[in-house]
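Asks: Predicted model, plus sequence, below.
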Amino acid sequence: MAKHILLVTIDSLRADFVHCYGSREIRTPNLDAFAASGVRFGHHLSSLATTLPSHCSLLTGCLPSVHGINWNGVETPRRRLTLAEIAAAEGYATTAITSWGGFQKQQVYGFQQAHSEGGAGGDENRGDETILRVEAWLESVDSGRPQLLWVHFIDPHTPDNCPEPFPRTYVGEVEFVDTVVGRLLDGWDARLGAESSFVAITADHGEHLDDHGVERGHGTLWITNAWIPLLFRCPGAIEPGSDVGELTRQIDVLPTILNYCRLPMPYNVQGMSLRGLIEGKDADMRLVHQGQAVRGETDTTTVRTEEHAFFFGDNRNLVHAFDRRSDPREQEDLWATDGRARQSVEHSLRDGREK
């Protein structure tokens with residue numbers, strides 16, 4: 001039977017600022033409880049730390065270089081089908097309730113019904129306003145028809161304008177958005193039912209917080225922008241309390257949703273379903289993550305494995321290298337300090353030219 005699908009994206013949410021991802025003194029009880037009800041992916045990476053293209057990668061299962069949307073404001077046509085278009089062709093009603101007007105640059109990715117307006121800092125788009133629109137939608141939704149709902153919360157994106165009693169800091173914003181996520185899940189389960197739904201919660205990208213020389217913001221490919229939470233719940237299909245520690249990619253979310261909901265998989269999706277990892281049938285997949293940041297004359301690419309991270313600059317030259325096993329925060333640049341690493345890479349490049 002076709003399942004209802006709820007996709008929740010939380011803007012600028014770093015994985016290490018969700019309590020179930022670490023030991024930080026931060027309160028996210030609703031996200032933690034949701035993780036305990038399904039599966040948590042501990043090493044999940046975004047394709048790009050910019051809102052419009054990263055959501056496009058999430059919804060198409062392809063990298064920016066393939067789907068064609070490489071920065072905010074880009075209006076060129078998408079080159080791949082989205083989750084909304086795939087689901088609609090199979091009889092789903094598709095709705096997007098998003099809290100950033102920039103999504104209209106891509107017509108909210110093909111959703112039949114969409115609400116998307118206002119700037120990132122507008123109080124009208126704060127989580128407590130967005131959830132009111134969701135709750136109004138839930139009151140009138142046809143529960144007898146398969147529903148796909150995408151809800152985007154702009155919080156904890158700057159500015160920090162969360163309501164009292166939450167402090168107007170990044171931590172306060174995260175704790176605030178956790179409360180509206182709890183309201184959303186309660187309303188969804190009461191109206192459409194947890195047992196007949198596949199629910200995914202993730203982020204578009206992370207956020208700089210006085211790291212790598214950036215006080216606040218995003219748009220780079222540093223790990224603090226790339227590492228984001230990914231949580232799935234699907235009662236009867238996903239065992240509660242499951243945990244996947246292997247590296248996974250934003251482009252793998254779409255294929256996984258399609259797999260669990262028995263929707264057709266386009267032939268040109270780049271990602272892969274994570275169902276085998278969730279169910280323990282796959283192991284040691286050793287997926288390779290590619291990050292991209294293309295804007296004007298800037299063209300930066302990262303390649304990450306479980307063990308290493310490589311940054312390539314505008315001229316496709318290697319500019320940073322990190323050993324992620326001993327340096328998970330990617331602060332000790334081997335390319336600048338380790339002569340053996342430089343020699344090894346140069347040797348490989350030379351061999352490649354000779355072949």
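Replies: Good, I have the coordinates. Numbers count the residues shown, from 1 in each chain.
Asks: helix or strand for Phe34, which one?
Replies: helix 29-36 (DSSP states H and E).
Asks: tell me what that helix is packed against?
Replies: helix 170-192, strand 197-203, strand 230-233 (3 or more CB pairs under 8 Å, 6 or more residues apart in numbering; DSSP states H and E). For glycine as for every other residue, the C-beta is placed from the backbone atoms N, C-alpha and C.
Asks: swap the cut-off to 7 Å and go again
Replies: helix 170-192, strand 230-233 (3 or more CB pairs under 7 Å, 6 or more residues apart in numbering; DSSP states H and E).
Asks: tell me the mean pLDDT over it?
Replies: For helix 29-36, mean pLDDT rounds to 98.
Asks: do stretch 44-61 as well
Replies: Averaging pLDDT along stretch 44-61 yields 94.
Asks: Pull up the distance across that stretch, start to finish.
Replies: End-to-end distance of stretch 44-61: 14 Å, with CA to CA, to the nearest Å as the criterion.
Asks: still on that earlier bit, please identify the buried residues of the helix holding Phe34?
Replies: Buried residues in helix 29-36, counted by 16 or more other CB atoms under 10 Å: 30-32, 34-35.
Asks: now do stretch 202-221
Replies: Result for stretch 202-221 [16+ other CB under 10 Å]: buried residues 202-209, 211, 214, 218-221.
Asks: how far does that stretch sit from the chain's center?
Replies: Taking CA atoms, centre = their mean, to the nearest Å, one finds the center of stretch 202-221 at 14 Å from the center of the full chain.
Asks: I'd like the average pLDDT over that stretch.
Replies: Stretch 202-221 carries an average pLDDT of 88.
Asks: next one: stretch 142-158
Replies: On average, the pLDDT along stretch 142-158 is 95.
Asks: Now it: buried residues?
Replies: 146-158.
Asks: Of the buried residues of stretch 202-221, which pair is most distant in space?
Replies: Thr202 and Val214 (22.4 Å; CB to CB).
Asks: Return the most buried member of the helices and strands packed on helix 29-36.
Replies: Most buried of the helices and strands packed on helix 29-36, by mean neighbour count (mean count of other CB atoms under 10 Å): strand 230-233, with a mean of 25.
Asks: what packs against that strand?
Replies: On a contact count with 3+ CB pairs under 7 Å, 6+ apart, strand 230-233 meets helix 29-36, strand 39-45, strand 197-203.
Asks: try 6 Å this time
Replies: Packing contacts for strand 230-233, counted by 3 or more CB pairs under 6 Å, 6 or more residues apart in numbering; DSSP states H and E, involve strand 39-45, strand 197-203.
Asks: What's the first helix or strand after the first one?
Replies: The first helix or strand that comes after strand 39-45 along the chain, using DSSP H and E, is helix 51-60.
Asks: Pull out the buried residues from the helix or strand just after that next one.
Replies: Downstream of helix 51-60, the next assigned helix or strand under DSSP H and E is helix 64-67. By 16+ other CB under 10 Å, the buried positions in helix 64-67 come out as 64, 66-67.
Asks: And the helices and strands packed on strand 230-233: which comes nearest Ala120?
Replies: Ranking these by proximity to Ala120 (CB to CB) places strand 197-203 first, at 14.6 Å.
Asks: Pull up the pairing partners for whichever helix or strand comes after that closest one, direction included.
Replies: Proceeding N to C from strand 197-203, the next assigned helix or strand is strand 208-211, under DSSP H and E. With DSSP bridges as the test, strand 208-211 is paired with strand 214-217 (antiparallel).
Asks: Can you name the residues in contact with the strand it pairs with?
Replies: Applying CB atoms under 6 Å, 6 or more residues apart in numbering, the contact partners of strand 214-217 are His208.
Asks: mind putting the buried residues of helix 29-36 in TSV, distance to Val319 included?
Replies: Below are the buried residues of helix 29-36 laid out as TSV (distance: CB to CB, whole Å):
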residue	distance to Val319
Asn30	40
Leu31	35
Asp32	38
Phe34	38
Ala35	35
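Asks: Pick out whichever of these sits closest to Cys261.
Replies: Nearest to Cys261, judged by CB to CB, of the buried residues of helix 29-36 is Phe34 at 18.3 Å.
Asks: Excluding chain neighbours, what is closest to that closest one?
Replies: Computed as CB to CB, 6 or more residues apart in numbering, the closest residue to Phe34 that is not its neighbour in sequence is Leu231, at 5.7 Å.
Asks: can you pull up the bridge partners for the one you found?
Replies: Under DSSP bridges, the beta-bridge partners of Leu231 are Arg40, Ile201.
Asks: what residues are up against Thr256?
Replies: By CB under 6 Å, 6+ apart, the contact set of Thr256 is 273-274.
Asks: how about low-confidence regions in the stretch 201-350 of the chain?
Replies: Scanning the stretch 201-350 of the chain with the threshold set as pLDDT under 70 gives 295-298, 337-350.
Asks: where along it do the strands fall?
Replies: Under the criterion DSSP state E, counting those that start in this stretch, strands of the stretch 201-350 of the chain are mapped to 208-211, 214-217, 230-233, 242-249, 289-295, 298-304, 308-312, 318-323.
Asks: The ones you listed into CSV, with extra columns for distance to Gly187?
Replies: Formatted as CSV, the strands of the stretch 201-350 of the chain follow (distance: least, CB to CB, whole Å):
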stretch, distance to Gly187
strand 208-211, 31
strand 214-217, 32
strand 230-233, 15
strand 242-249, 25
strand 289-295, 34
strand 298-304, 37
strand 308-312, 40
strand 318-323, 43
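Asks: closest to Met265 out of these?
Replies: Among the strands of the stretch 201-350 of the chain, strand 242-249 comes nearest to Met265, with 16.1 Å by CB to CB.
Asks: Distance-wise, check Ala226 relative to Leu59.
Replies: 18 Å (CB to CB, to the nearest Å).
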